[in-house]
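Visitor: Predicted model and sequence below, questions to follow.
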Amino acid sequence: MVDLPVFPDSCQRGPLPSSVFFLTHLFLLLQPGKLNSEEEVRVVGPGEPILALVGEDVEFSCHLSPYLDAEDMEIRWFRSQISDVVHLYQGRQELYSQQMAQFQNRTKLIKDYIIDGSVNLWLHGVVPADEGLYGCRFLSSSFSKEAIWELEVADAFLPGGSPWKRAFLGTLVALPLLLALLMTLALYFFQKQRQCQEKLRKHAEKDKERLTAELGKLQTELDWRRAEGQAEWRAAQQYAVNVTLDPASAHRSLEVSQDGKSVSSCRAELNPVVGDPQRFSEQTCVLSYQRFSAGRHYWEVHVGRRSRWFLGVCLASVPRTGQVHLSPANGYWVLGLWNRCEYFILDPHRIALTLRVPPRRVGIFLDWEAGKLSFFNVSDGSHIFTFTDTFSETLCAYFRPRSHDGSEHPDPLTICPLPVRRTCNLEEDELDTWLQPYEPSDPTLGLW
């Protein structure tokens with residue numbers, strides 16, 4: 001659970017957690033996408049007038065929206081105007097020498113969350129002269145913004161040394177008047193309390209409505225992105241090609257089927273680099289017989305329930321001996337699964353992917369001229385990831401089933417039959433064996 005800063009309810013006595021701030025903070029966390037670097041920065045203060053009794057401590061909360069690191073900013077709390085300093089934070093320290101005499105030894109800055117742009121200022125022992133307008137200003141090299149609010153001070157009944165106390169002790173004649181005053185004050189504070197609670201309720205309802213609306217927009221965007229991914233996948237299928245495996249390129253620990261459509265591990269890989277799934281002393285892989293030097297090409301691979309595999313493309317000229325880092329910089333564009341649930345790509349470092357549905361069948365679309373290699377989850381038609389690069393050499397389809405690791409489903413990697421709808425740009429000596437009649441899909445290789 002993330003620890004959130006606590007801002008006190010400005011309408012109640014003492015620091016209490018603010019449901020308004022919590023909902024606002026949650027709303028900001030759930031907002032899709034990244035903050036626009038040009039988004040206007042605002043300073044958010046209490047917003048509503050703050051009511052305090054004489055002798056009480058009061059807290060002024062202020063934060064930046066969107067949240068920014070304010071540790072190196074100047075934060076000035078002032079009274080009525082900028083020059084009337086209540087408290088000054090500058091150069092990562094508090095400058096008490098510039099305070100107004102009225103506020104010396106009465107302020108305390110809480111800056112536990114200053115790196116998120118959030119600070120609180122405590123004012124101790126409120127007196128009637130403290131009533132009026134207050135503000136806080138955040139100043140940096142790029143902006144200067146401030147927030148203004150009002151502090152209302154109510155006299156406590158019978159303050160020490162007041163004429164009312166002496167009169168009360170001197171005579172009982174004023175007792176009815178004092179009782180009336182007490183009832184009036186009690187009624188006043190009761191009404192203030194009700195007003196504050198009503199305002200808080202309305203603010204909470206508005207925040208809840210805004211949050212619900214934003215969540216609805218987020219869900220709509222997710223649905224749209226899913227629909228877009230499915231549309232992109234279906235568009236890619238029109239470029240289906242018949243890919244076969246080249247047994248001559250297979251590592252000796254791999255077994256390629258006679259029809260060139262499946263590959264599995266017949267024995268353990270030799271000398272794997274323990275703990276690093278992206279580096280291997282030998283390339284225990286197999287490449288496609290076909291070479292791609294232009295055009296668009298789509299194929300699908302049944303991965304079943306294997307716990308480890310790599311799929312993608314590589315340069316036809318890359319060496320497959322010695323330690324290899326499977327990254328675009330070395331001529332490899334691959335998607336991988338490690339230990340049943342860790343999906344990732346290497347671009348050039350390992351980037352984890354979160355998939356809503358584990359793919360049992362992966363679609364791969366190569367657009368050579370556009371420099372794009374896209375992966376799709378055929379199980380639900382969703383887009384997984386797209387590499388964007390510049391291809392200048394001939395590419396091959398890349399398959400690495402990985403050695404059997406004891407899982408219950410040591411399925412081979414199998415190229416799925418698809419309807420070939422067009423000719424493709426291939427090397428000239430491959431055209432005779434490339435176009436083959438469409439074979440109906442094997443029901444055992446369907447969607448799970």
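Guide: All right, it came through fine.
Visitor: going forward, measure contacts and count neighbours with C-alpha atoms only.
Guide: Noted.
Visitor: any idea how far Q98 is from W77?
Guide: Using Cα to Cα, to the nearest Å, Q98 is found at 11 Å from W77.
Visitor: try L413
Guide: Taking Cα to Cα as the measure, L413 and W77 are separated by 66 Å.
Visitor: go on, P319?
Guide: As it turns out, when the distance is counted by Cα to Cα, P319 lies 66 Å from W77.
Visitor: higher neighbour count, the two?
Guide: The residue with more neighbours, out of P319 and W77, is W77; 27 against 13, by other Cα atoms under 10 Å.
Visitor: sec struct for that one, please.
Guide: For W77, the secondary structure call by DSSP: H, G, I helix; E, B strand; the rest coil comes out as strand.
Visitor: and it, what are its bridge partners?
Guide: Note on W77: beta-bridge partners H87, C136, judged by DSSP bridges.
Visitor: before we move on, what about L64?
Guide: V43.
Visitor: same question, E150
Guide: With DSSP bridges applied, E150 shows beta-bridge pairing to L133.
Visitor: What are the boundaries of the helices in the stretch 101-250 of the chain?
Guide: Listed in chain order, the helices of the stretch 101-250 of the chain (DSSP state H, counting those that start in this stretch) span 163-170, 175-237.
Visitor: pLDDT below threshold where in the stretch 301-448 of the chain?
Guide: By pLDDT under 70, the weakly predicted segments of the stretch 301-448 of the chain are 321-322, 403-409, 420-448.
Visitor: give me that answer again for 80
Guide: Where the stretch 301-448 of the chain drops to pLDDT under 80, the residues are 319-324, 339-341, 348, 402-411, 419-448.
Visitor: Three-state assignment for S61, please.
Guide: State at S61, reduced to three classes by three-state DSSP: strand.
Visitor: excluding its backbone neighbours, what's nearest it?
Guide: Distance criterion Cα to Cα, 6 or more residues apart in numbering; nearest residue to S61, sequence neighbours excluded, is N120 at 4.5 Å.
Visitor: quick one: the one you found and I110 touch, right?
Guide: Yes: contact status for N120 versus I110: in contact at 5.0 Å, counting by Cα atoms under 8 Å.
Visitor: Pick out whichever of these two has more residues nearby.
Guide: Residue environment comparison for N120 versus I110 gives the larger neighbour count to N120, 21 against 14, counting by other Cα under 10 Å.
Visitor: now the strands: where do they sit in the stretch 201-350 of the chain?
Guide: In the stretch 201-350 of the chain, the strands defined using DSSP state E, counting those that start in this stretch lie at 254-256, 262-265, 279-282, 286-287, 296-302, 309-315, 321-325, 332-338, 342-346, 350-353.
Visitor: okay, the ones you listed, which one's buried deepest?
Guide: Of these, the one with the most neighbours on average (mean count of other Cα atoms under 10 Å) is strand 286-287, at a mean of 24.
Visitor: If you count contacts, what does that one end up packed against?
Guide: Packing contacts for strand 286-287, counted by 3 or more Cα pairs under 8 Å, 6 or more residues apart in numbering; DSSP states H and E, involve strand 395-400.
Visitor: so how far is the strand it packs on from its chain's centroid?
Guide: 33 Å (Cα atoms, centre = their mean, to the nearest Å).
Visitor: What is the end-to-end distance of stretch 84-100?
Guide: The distance separating the two terminal residues of stretch 84-100, taken as Cα to Cα, comes to 6 Å.
Visitor: Equivalent analysis for stretch 333-349, please.
Guide: In stretch 333-349, first residue to last residue: 12 Å (Cα to Cα).
Visitor: Next: stretch 40-50.
Guide: Terminal residues of stretch 40-50 lie 27 Å apart, using Cα to Cα.
Visitor: for the strands of the stretch 201-350 of the chain, which one sits closest to A240?
Guide: Using Cα to Cα as the measure, strand 296-302 is the one of the strands of the stretch 201-350 of the chain that comes nearest A240, at 4.5 Å.
Visitor: and that closest one with strand 395-400, angle?
Guide: Inter-element angle recorded for strand 296-302 and strand 395-400: 10 degrees (by axes from the mean of the first three to the mean of the last three Cα atoms, to 10 degrees).
Visitor: neighbouring contacts of strand 296-302?
Guide: The contact list for strand 296-302 (Cα atoms under 8 Å, 6 or more residues apart in numbering) reads 236-243, 360-368, 413-418, 424, 445.
Visitor: Next, show the common contact partners of Q98 and W77.
Guide: Shared contacts of Q98 and W77, defined by Cα under 8 Å, 6+ apart, comprise 85, 87-88.
Visitor: With pLDDT as extra columns, can I get these in TSV?
Guide: Rendered in TSV, the data for the shared contacts of Q98 and W77 read as follows (pLDDT from 0 to 100):
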residue	pLDDT
V85	95
H87	95
L88	94
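Visitor: quick one: which of the residues you listed has the most company?
Guide: Across these, neighbour numbers were computed from other Cα under 10 Å; H87 holds the maximum, 27 neighbours.
Visitor: Next up, the contacts around that one.
Guide: The neighbours of H87, taking Cα under 8 Å, 6+ apart as the test, are 76-78, 94-96, 98-99, 103, 107.
Visitor: ok, so what distance separates it from S65?
Guide: When H87 is compared with S65 (using Cα to Cα), they lie 21 Å apart.
Visitor: now the strands: where do they sit in the stretch 1-150 of the chain?
Guide: 42-44, 50-53, 58-65, 74-79, 81-90, 93-94, 107-110, 118-123, 132-139, 144-154.
Visitor: just how off-centre is the first one within its chain?
Guide: This means strand 42-44. Distance of strand 42-44 from its chain centroid, counting by Cα atoms, centre = their mean, is 23 Å.
Visitor: can you check the fifth one too?
Guide: The gap between the average C-alpha position of strand 81-90 and the chain average comes to 36 Å, counting by Cα atoms, centre = their mean.
Visitor: try the second one
Guide: Once both centres are worked out by Cα atoms, centre = their mean, strand 50-53 turns out to sit 39 Å from its chain's centre.
Visitor: That one pairs with which strands, parallel or anti?
Guide: Strand partners for strand 50-53, identified by DSSP bridges, are recorded as strand 144-154 (parallel).
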